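**Q** structure of the sequence below:
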Amino acid sequence: ECLCLRKAILRCAMTTWVFGYGSLVWRCGFNHVESVPCYVRDYARVWTQGSTDHRGTPELPGRTVTLEPRTGAKTWGTAYLLPKDEEKEIIEYLEYREKQYDSRVNLDLFTDNAETPVVTSARVYIATSASETYMGVASVDALAKQIAFAKGPSGENCEYLYRLADKMREMDVQDAELFELETKVKAIKEVLSIGYSVYDS
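**A** Next comes the predicted model:
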């Protein structure tokens, strides 16, 4: 316990941490000194954010995840410690990459059932309902159809979902809603691959 606390104190004292819970989990895209699987408390991962720049287009937006305040919720992801000499350039890169996310907050991060944060005041990018590309809540079936068809400059929207789900399994995270959505999207893609309309049923 003392060793864990000392490690947490050391992490807190060292430069800037960034917490990823979506594509940053499986493709951070920047150099980092250390990465730590961890979670944020009292925030839920939700698919309310539209993507017109990475996983969709203005004509057919994709869906990406954001965080929504929810008491008792726990969202797993990965925290990255930025190298001091590259911090400015990495933040500029992230500001561009996450430009459709309108809020930057600092949150404490935890591992397992520890009461002491493993990282304090990590930088987190969140899209709120004030975001220009906010799309709101949709049923899992509606989300699945949108994700199955959407594609943008960064690739198919379904790839974003599949890679996130794979990472959560790799981290042994049980995310029933995420895995249900993945299953439904894969079913739609299978139907499309054999030439039937997803709207036939």
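**Q** so how many other residues sit close to residue 41?
**A** 15 (other CB atoms under 10 Å). (Each C-beta comes from the backbone N, C-alpha and C, glycine too.)
**Q** oh sorry, the question was meant for residue 58
**A** Around residue 58 there are 10 residues (other CB under 10 Å).
**Q** with adjacent residues omitted, what lies nearest to it?
**A** Leaving aside its sequence neighbours, residue 58 sits nearest to residue 52 (CB to CB, 6 or more residues apart in numbering; 4.8 Å).
**Q** what's the separation between the one you found and residue 26?
**A** Using CB to CB, to the nearest Å, we find residue 52 at a distance of 21 Å from residue 26.
**Q** so residue 107 touches residue 21, yeah?
**A** No. Taking CB atoms under 8 Å as the definition, residue 107 is not a contact partner of residue 21, at 10.5 Å.
**Q** next, show the common contact partners of those two.
**A** Counting by CB atoms under 8 Å, 6 or more residues apart in numbering, the common neighbours of residue 107 and residue 21 are 40, 124.
**Q** mind showing which ranges of this protein have poor pLDDT?
**A** For the chain, residues meeting the criterion pLDDT under 70 lie at 1-14, 194-201.
**Q** and the residue nearest the centre of it?
**A** Geometric centre of the chain, nearest residue: residue 22, 1.6 Å, by CA atoms, centre = their mean.
**Q** that one and residue 46, how far apart?
**A** 11 Å.
**Q** contact partners for the residue nearest to residue 68 when sequence neighbours are not counted?
**A** Once flanking residues are discounted, residue 68 sits nearest to residue 46: 4.7 Å by CB to CB, 6+ apart. Counting by CB under 8 Å, 6+ apart, residue 46 makes contact with 65-68, 137.
**Q** C-alpha coordinates for the helix or strand that contains residue 46, CSV please?
**A** Per DSSP states H and E, residue 46 falls inside strand 34-51. Extracted C-alpha coordinates of strand 34-51, given in CSV (Å, rounded to 0.1, in the frame of the first residue of the first chain):
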residue,chain,number,x,y,z
GLU,A,34,4.5,5.7,-19.3
SER,A,35,1.0,4.3,-19.9
VAL,A,36,-1.3,3.1,-17.1
PRO,A,37,-4.6,1.2,-17.5
CYS,A,38,-7.0,3.0,-15.1
TYR,A,39,-10.5,4.4,-14.7
VAL,A,40,-12.3,7.6,-14.0
ARG,A,41,-15.1,7.6,-11.4
ASP,A,42,-18.6,9.0,-11.7
TYR,A,43,-18.4,9.3,-15.5
ALA,A,44,-20.0,6.9,-18.0
ARG,A,45,-18.8,6.2,-21.6
VAL,A,46,-21.6,7.1,-24.0
TRP,A,47,-22.1,7.3,-27.8
THR,A,48,-23.7,10.7,-28.0
GLN,A,49,-20.9,12.5,-30.0
GLY,A,50,-21.1,12.7,-33.7
SER,A,51,-17.9,12.5,-35.9
